[in-house]
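Engineer: Any chance you can model this:
(2 chains, ligands or ions: 1)
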Amino acid sequence: MRVQLFVTCLNDAVFPKVGLATARVLEAVGCRVEFDERQVCCGQMHLNSGDEASGRDLAVRMAEVFAEAEAVVSPSGSCVAMARHFWPKLAGDTGRIAAQKTFELSEFLTHRLAQGLGRGWTPEFAGRVAWHSSCHGRRGLGLLDQPKALLRQVRGLELLEIESEDQCCGFGGTFSVKNPDVSLAMMDDKLDALEATGAEWITGTDSSCLMHLAGGLSRRGSRLKTIHLAEILAGGAD
Amino acid sequence: MSGGGITPSDRFEKAVKLTLADGQMRANLRHATTTIRRKRQRAQDEVPDWQELRDRAARMKDDAHARLPELLIQLEERVQDAGGRVHWARDAAEAREIVAAIAAGYGLNRVVKVKSMTTDEIELNDFLASRGIAAVETDLAELICQLAGDRPSHILVPAIHRNRREIQELFRRTLGADLPTDNPAELAEAARLHLRRTFLAAEMAVSGANFAVAETGTVAVVESEGNGRMCLTLPRVLATVMGVEKVFPLWSDVELMLRLLPRSSTAERMNPYTSFWTGVRPGDGPQEFHLILLDNGRSRVLADPSTRETLRCIRCSACLNVCPVYERAGGHAYGSVYPGPIGAILTPQLLGMEHGEANSLPGASSLCGACLEVCPVKIDIPRILVELRAKAGVKPAESAGLKAAAWAMASPRRFEAAIRWARRGRGLAPLLPGPLSGWLQGRDLPEMPARSFREEWRRSR
Ligand code: SF4
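Structural biologist: Numbering: from 1, shown residues only, chains lettered A, B, ... in the order given. As a prediction, this is how the structure comes out:
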């Protein structure tokens, strides 16, 4: 299967390793990965910040890039939720066609493994890992146990449960800078819960939430580190 | 000053600085919302067709709102047929005048109150006081707010920001109660003794309404403590202030609401007291009934098809209890008797999106979606928050940032240039427009990598 990698603007600019790891995982389960350089941003940040016109313009551009693909896979629950729920509204038929073939990485992998594809895939990662459930993946895409089920297949990995998994970490896009006081209060409670698990790593489907949590951990001087799910599934940080 | 109105005096992001600093309040809130969250989930899980019930309730509300004028006129006729009187109030000021005139017309200087969001919305108590009429709250939590001079901070549990020990102190001080401990039963008993005297002497009650039925002219109040039942049956005069969106066409419509509301609000299968009344009945209950139908911005909300589902709200408060922003910020930060997620969409719409303080409220959300998940009438609060952010308009400085980012992102080449710029300046500006100081207040920035993904990709393939 030929898969278009929808890397997301944040991973492209700040977390290239997440994009590379996603490509490696997809190849490990037998996909041919392509990257269309015309892609930039799904439009979510603008839409959620009240700039609907810009959000629409960016969404239309992305939908046009992906409408011709066989399948589109992204290491971000949030950007995929944007595609699925808003591209059809913002970009009409093209938006609908693109949205229908766009999947979040763990969603796509779960589906593929269930079909018996990707037998040779045997990820390894040594460490105690806590799972952070991002809201848009959880509530927007229904990603509840799928990512954790994938993590349980990783050799050497100990998966730890966190208190109040369904609570938001406080990122929320521009909410994090426009309402920093509440955002940080939410982050602090989340970091307390994550630290209480005794994990060495926090992982999740979204670099945005992880960037916010990592920023807080660094400020705390914590030893806990963040790592994207794709990096773990690709066999660890490189 | 119980009551409080719906007009915030500060923007949310400013008001929240004060409330976040109140550690005691945050601890009280966290404890209370965590408990009620778990219980609500259990109450929902007991109902196998919960999701279908939500769909039906949403449709029922939408259908009723689509024919609101007709239903309200039918309601008016039926209430009059049954010996009641109906008054129409365009706004809060008119509604307050009507209630005051009713009390004055009977020569009364004291009314007892059933807990009601609508009368808090119109700031009835303070107004009555200014006319020499004392309004006495009879719901335990409203009474606590009234005695403490607090604004309510939660739709269902107005004193959720207070704990037992604080209430023990308050009752000692204001009711002169002999309270050696903060045992809840003893606190409730002190309030009960105080209120019993009040009920027996009351000649007029003021209430809100949970529902009204157009075909029968019936009005309903759902409550837990029995104070409502006392107010609705003992005094000679009853005045009910009801938002126009509360009317249903059929008596049978109420059944569905009574299944959804208690489980969503108090996590009970059935609430202890549900009172229905239709006009007046000689020799039984109030002999004078006035129904005040309040608009106060609701027609404006209804006029916008993209956000009008806001008016489906049955004030269960489930969305408050699951909201991570509400849990930290507390109700007072919203500056309105409607706090939390529903307040963030209802308050600015009632006041108009040009209201410079209220239009900050749709920003008071990380868009986590927990509210939509629990709302019994399935109001898509996250979607409406986003719609309202667009309607509120973006501030010029921020708009410039967003436009610059959009310009850069509209072309892969410009985007690459922006990334290189960010790398040199160590800033995330193209990706996170808005004040960088907000980020740095409690977070470090990530290291910018030497190469972007697309550069890496080109090198490796
Ligand atoms: S918006 Fe929904 S959940 Fe919130 S109070 Fe209203 S009915 Fe309840």
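Engineer: And the chain, what are its domain boundaries?
Structural biologist: Answering for chain A, as no chain was given. Domain ranges of chain A: A:2-111, A:123-233, per automatic domain parsing.
Engineer: try again with chain B
Structural biologist: Under the assignment named as automatic domain parsing, the residue ranges that make up the domains of chain B are B:50-248+B:271-295, B:407-460.
Engineer: Regarding the longest one, how distant is the last residue from the first?
Structural biologist: I take that to be domain B:50-248+B:271-295. Terminal residues of domain B:50-248+B:271-295 lie 31 Å apart, using CA to CA, to the nearest Å.
Engineer: Could you see whether chain A lies near it?
Structural biologist: No: on the criterion CB under 8 Å from any CB of the partner chain, domain B:50-248+B:271-295 is out of touch with chain A, staying 13.3 Å away. No exception for glycine: its C-beta is placed from N, CA and C like everyone else's.
Engineer: Now that domain: average pLDDT?
Structural biologist: The average pLDDT for domain B:50-248+B:271-295 rounds to 94.
Engineer: got it, and the last one?
Structural biologist: Domain B:407-460 carries an average pLDDT of 85.
Engineer: mind checking the end-to-end distance for that domain?
Structural biologist: Taking CA to CA, domain B:407-460 runs 29 Å from one end to the other.
Engineer: among the domains of chain A, which is the most enclosed?
Structural biologist: Highest mean neighbour count of the domains of chain A: domain A:2-111, a mean of 23 (counted as mean count of other CB atoms under 10 Å in any protein chain shown).
Engineer: for that one, how far is the first residue from the last?
Structural biologist: This stretch, domain A:2-111, spans 15 Å end to end (CA to CA).
Engineer: what residues does chain B put near the ligand?
Structural biologist: For chain B, the contact set with the ligand under CB under 6 Å from any ligand atom comprises B:264, B:313-319, B:342, B:374-377, B:379.
Engineer: shaky segments in chain A?
Structural biologist: A:236-238 (pLDDT under 70).
Engineer: what about the helices in it?
Structural biologist: All helices of chain A, identified by DSSP state H, fall at A:9-13, A:16-28, A:44-48, A:52-66, A:77-100, A:105-114, A:135, A:141, A:146-152, A:175-178, A:180-196, A:207-220, A:229-233.
Engineer: A:Glu37 is nearest to which of these?
Structural biologist: Closest of those to A:Glu37 is helix A:52-66, at 9.2 Å (criterion: CB to CB).
Engineer: helices or strands up against the closest one?
Structural biologist: helix A:44-48, helix A:77-100, helix B:396-409 (3 or more CB pairs under 8 Å, 6 or more residues apart in numbering or on different chains; DSSP states H and E).
Engineer: Now tell me what touches the longest helix seen in chain B from outside.
Structural biologist: Identified as the longest helix of chain B according to DSSP H is helix B:23-45. By CB atoms under 8 Å, 6 or more residues apart in numbering or on different chains, the surrounding residues in contact with helix B:23-45 are A:185, B:19-20, B:50, B:157, B:160-163, B:262-264, B:266-269, B:318, B:320-322, B:326-328, B:330, B:374.
Engineer: List buried residues within the residues you listed.
Structural biologist: For the contacts of helix B:23-45, a burial check counting by 16 or more other CB atoms under 10 Å in any protein chain shown picks out A:185, B:19-20, B:50, B:157, B:160-163, B:262-264, B:266-267, B:318, B:320-322, B:326-328, B:330, B:374.
Engineer: Save the helices of chain A as CSV, and put in distance to B:Pro305 too.
Structural biologist: Output for the helices of chain A, formatted as CSV (distance: least, CB to CB, whole Å):
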stretch, distance to B:Pro305
helix A:9-13, 32
helix A:16-28, 40
helix A:44-48, 19
helix A:52-66, 16
helix A:77-100, 14
helix A:105-114, 33
helix A:135, 27
helix A:141, 27
helix A:146-152, 36
helix A:175-178, 27
helix A:180-196, 31
helix A:207-220, 32
helix A:229-233, 40
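Engineer: Adding distance to the ligand, write these out as JSON lines.
Structural biologist: Below are the helices of chain A laid out as JSON lines (distance: least, CB to the nearest ligand atom, whole Å):
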{"stretch": "helix A:9-13", "distance to the ligand": "32"}
{"stretch": "helix A:16-28", "distance to the ligand": "36"}
{"stretch": "helix A:44-48", "distance to the ligand": "20"}
{"stretch": "helix A:52-66", "distance to the ligand": "23"}
{"stretch": "helix A:77-100", "distance to the ligand": "20"}
{"stretch": "helix A:105-114", "distance to the ligand": "28"}
{"stretch": "helix A:135", "distance to the ligand": "17"}
{"stretch": "helix A:141", "distance to the ligand": "22"}
{"stretch": "helix A:146-152", "distance to the ligand": "28"}
{"stretch": "helix A:175-178", "distance to the ligand": "20"}
{"stretch": "helix A:180-196", "distance to the ligand": "19"}
{"stretch": "helix A:207-220", "distance to the ligand": "25"}
{"stretch": "helix A:229-233", "distance to the ligand": "32"}
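Engineer: nearest to B:Met204, of those?
Structural biologist: helix A:180-196 (42.2 Å).
Engineer: and that closest one, what other elements does it pack with?
Structural biologist: On a contact count with 3+ CB pairs under 8 Å, 6+ apart, helix A:180-196 meets helix A:175-178, helix A:207-220, helix B:12-20, helix B:324-329.
Engineer: Return the alpha-carbon coordinates of the shortest one using PDB.
Structural biologist: So the one you mean is helix A:175-178. Extracted C-alpha coordinates of helix A:175-178, given in PDB (Å, rounded to 0.1, in the frame of the first residue of the first chain):
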ATOM      1  CA  PHE A 175      -5.100  28.500  24.700                       C
ATOM      2  CA  SER A 176      -1.700  27.700  26.200                       C
ATOM      3  CA  VAL A 177      -0.400  31.300  25.500                       C
ATOM      4  CA  LYS A 178      -3.700  33.200  25.800                       C
END
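Engineer: Any part of that helix near chain B?
Structural biologist: Yes: counting by CB under 8 Å from any CB, contacts between helix A:175-178 and chain B involve A:175-178.
Engineer: again with the longest one
Structural biologist: Yes: residues of helix A:207-220 are located near chain B by CB under 8 Å from any CB, namely A:211-212, A:214-216, A:218-219.
Engineer: So for stretch B:42-61, first residue to last residue, what's the gap.
Structural biologist: Span of stretch B:42-61 from end to end, CA to CA: 25 Å.
Engineer: Please name the nearest non-neighbouring residue to the one residue in the stretch 201-350 of chain B that gets nearest to chain A.
Structural biologist: When scored by CB to the nearest CB, the stretch 201-350 of chain B has B:Arg328 as its residue closest to chain A, at 4.3 Å. Take B:Arg328 and drop its neighbours on the chain: the residue closest to it by CB to CB, 6 or more residues apart in numbering or on different chains is A:Ala185, 4.3 Å away.
Engineer: Kindly report the same for A:His111.
Structural biologist: Nearest residue to A:His111, sequence neighbours excluded (CB to CB, 6+ apart): A:Phe103, at 7.5 Å.
Engineer: which residues does the one you found form a beta bridge with?
Structural biologist: A:Val73 (DSSP bridges).
Engineer: So A:Val154 sits against A:Pro123, correct?
Structural biologist: Yes: assessed by CB atoms under 8 Å, A:Val154 is found in contact with A:Pro123 at 4.7 Å.
Engineer: any shared contact partners between the two?
Structural biologist: With CB under 8 Å, 6+ apart, A:Val154 and A:Pro123 have common neighbours A:232-233.
Engineer: helix or strand for the residue nearest the centre of chain B, which one?
Structural biologist: Nearest to the geometric centre of chain B sits B:Tyr338, at 3.2 Å (CA atoms, centre = their mean). Here B:Tyr338 is covered by no helix or strand, with elements defined by DSSP states H and E.
Engineer: Brilliant, that's me finished.
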